[in-house]
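Chemist: next comes the sequence, and after it the predicted model I'd like to discuss.
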Amino acid sequence: MDLDPLVTYRWMRLTRTLDDAIRTLWLTGQGVGGTFNQRGHEAVSVGPALCLEDDDVVAPMHRDLGAYLVRGMTPHELLAHQLGRVDGPSGGRDANIHGCGDLDRNIIGFISHLPQSLPVAVGAAMAFRLRGEPRVAMTWTGDGGSITGLYAESLNLAALDNAPVVIVVENNQYAYSTPVARHSANPDIAARSRALGVHSVDVDGNDVEALHQASQAAVNRARNGGGPSVIVAETMRMLGHAVHDGFEYVPDELLEHWHERDPLATFERRLTERGIALDALRTIDQEVAAEVEAALTSAKASPWPDPATVTDGVWA
């Protein structure tokens, strides 16, 4: 499907504005649980998610807020989730992006640690193939996740089964506080993935159009029987691993390098160069800010969960 530039910009702006609101909640002591930062990952979550059909399944991780939004979760629900309120997708049983799933929307909740969501997505894709359903599963993981045994096992199984799964690896330079050079003897994630029999490409993870193009090709390949793909998105998380992480271990010059490649600012410049009026983008910014502010108000009004329901949905 073609990428609508203004729609795409709106999803990216909504992701950042909502992320800023969630971070502010935590910093001002209003959030119930911890939270993870999305800044710098707007393109890598929005671009691939926009390639999917309603019947496809996604398994985003903790830095893929844009994918949850594209797949139908509302700012109200996500803010209520962060506040531990009943309107959140876990009904107040979790208070950060962990457990933030909705199978009615074909969203598999994030499973920590990485890449534990990967075999679940591969399993869903294998079911699609066995049933003869033209559906695709998509999941995300990080550079640290790509060096685990589970990553290799999942890719091997996906390749053996020709499973229709697309795996986006967010190579954001750090696995928590460990840089790629310290956790991987071979930092070429795409090459390591190809060695496991999976079609793999490297993409600029801050270029939403490049990500969408590569993801669309991978989704089409999977849907038409071509098997799994890995998309390695080269990017950077511009804040700490989570909101409590001061990020002191990252060199200033590295942050400055990636700041110049900010995915939202880069896309905005590209759109204005193509003739889209800056006023149109500022209007979207204002609409998104109002939407998030209204969602914050309604989420704060959402009730706390009833303690009598604490065992509902618990499996032993």
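Modeler: Structure's in. What do you need? Numbers count the residues shown, from 1 in each chain.

Chemist: spatially nearest residue to the residue nearest to the spatial centre of the chain, not counting backbone neighbours?
Modeler: Residue closest to the average C-alpha location in the chain (C-alpha atoms, centre = their mean): Asp64, at 1.9 Å. Leaving aside its chain neighbours, Asp64 sits nearest to Ser45 (4.0 Å; criterion: C-beta to C-beta, 6 or more residues apart in numbering). Any C-beta I mention is one placed from the backbone N, CA and C, and that applies to glycine too.

Chemist: so that neighbour sits against Leu65, correct?
Modeler: Yes. Ser45 is within contact range of Leu65, at 6.4 Å (criterion: C-beta atoms under 8 Å).

Chemist: more neighbours: which of those two?
Modeler: Set side by side, Ser45 and Leu65 show more neighbours around Ser45, with 31 against 27, by other C-beta atoms under 10 Å.

Chemist: contacts for the host helix or strand of the more buried one?
Modeler: Ser45 is located in helix 42-49, with elements delineated by DSSP states H and E. Identification of contacts with helix 42-49 by C-beta atoms under 8 Å, 6 or more residues apart in numbering yields 3, 8, 11-12, 15-16, 38, 58, 60, 63-67, 69-71, 138, 140, 166, 168, 170, 205-212, 215, 231, 233, 235, 263-264, 267.

Chemist: against which helices or strands is the next helix or strand after it packed?
Modeler: The helix or strand immediately downstream of helix 42-49 is strand 57-59, counting by DSSP H and E. Where contact means 3 or more C-beta pairs under 8 Å, 6 or more residues apart in numbering; DSSP states H and E, strand 57-59 is packed against helix 117-131, strand 137-142.

Chemist: how about a cut-off of 10 Å?
Modeler: helix 42-49, helix 65-70, helix 117-131, strand 137-142, strand 165-171 (3 or more C-beta pairs under 10 Å, 6 or more residues apart in numbering; DSSP states H and E).

Chemist: so which of these is nearest Glu153?
Modeler: Among the helices and strands packed on strand 57-59, the nearest to Glu153 by C-beta to C-beta is helix 117-131 (7.3 Å).

Chemist: who are the packing partners of the closest one?
Modeler: Looks like helix 117-131 contacts strand 57-59, strand 137-142, helix 149-161, strand 165-171, helix 208-223 (3+ C-beta pairs under 10 Å, 6+ apart).

Chemist: for the record, mean pLDDT for that helix?
Modeler: For helix 117-131, mean pLDDT is 97.

Chemist: equivalent analysis for stretch 24-44, please.
Modeler: Regarding stretch 24-44, the rounded mean pLDDT is 88.

Chemist: just give me how far it sits from the chain centre.
Modeler: Distance, stretch centre to chain centre, for stretch 24-44: 13 Å (C-alpha atoms, centre = their mean, to the nearest Å).

Chemist: same check, this time on stretch 189-201
Modeler: Centroid separation between stretch 189-201 and its chain, computed with C-alpha atoms, centre = their mean, is 21 Å.

Chemist: gap between the two ends of it?
Modeler: One end of stretch 189-201 to the other measures 9 Å (C-alpha to C-alpha, to the nearest Å).

Chemist: then stretch 86-100?
Modeler: Counting by C-alpha to C-alpha, the terminal residues of stretch 86-100 are separated by 13 Å.

Chemist: and what of stretch 31-45?
Modeler: 23 Å.

Chemist: can you list the buried residues in it?
Modeler: Under the neighbour-count criterion of 16 or more other C-beta atoms under 10 Å, stretch 31-45 has 31-32, 34-45 buried.

Chemist: need the max-distance pair from these.
Modeler: Across those, the longest distance by C-beta to C-beta is 29.2 Å; it joins Val32 and Ala43.

Chemist: pull out the buried members of the contacts of helix 42-49.
Modeler: For these, a burial check counting by 16+ other C-beta under 10 Å picks out 3, 8, 11-12, 15-16, 38, 58, 60, 63-67, 69-71, 138, 140, 166, 168, 170, 205-212, 215, 231, 233, 235, 263-264, 267.
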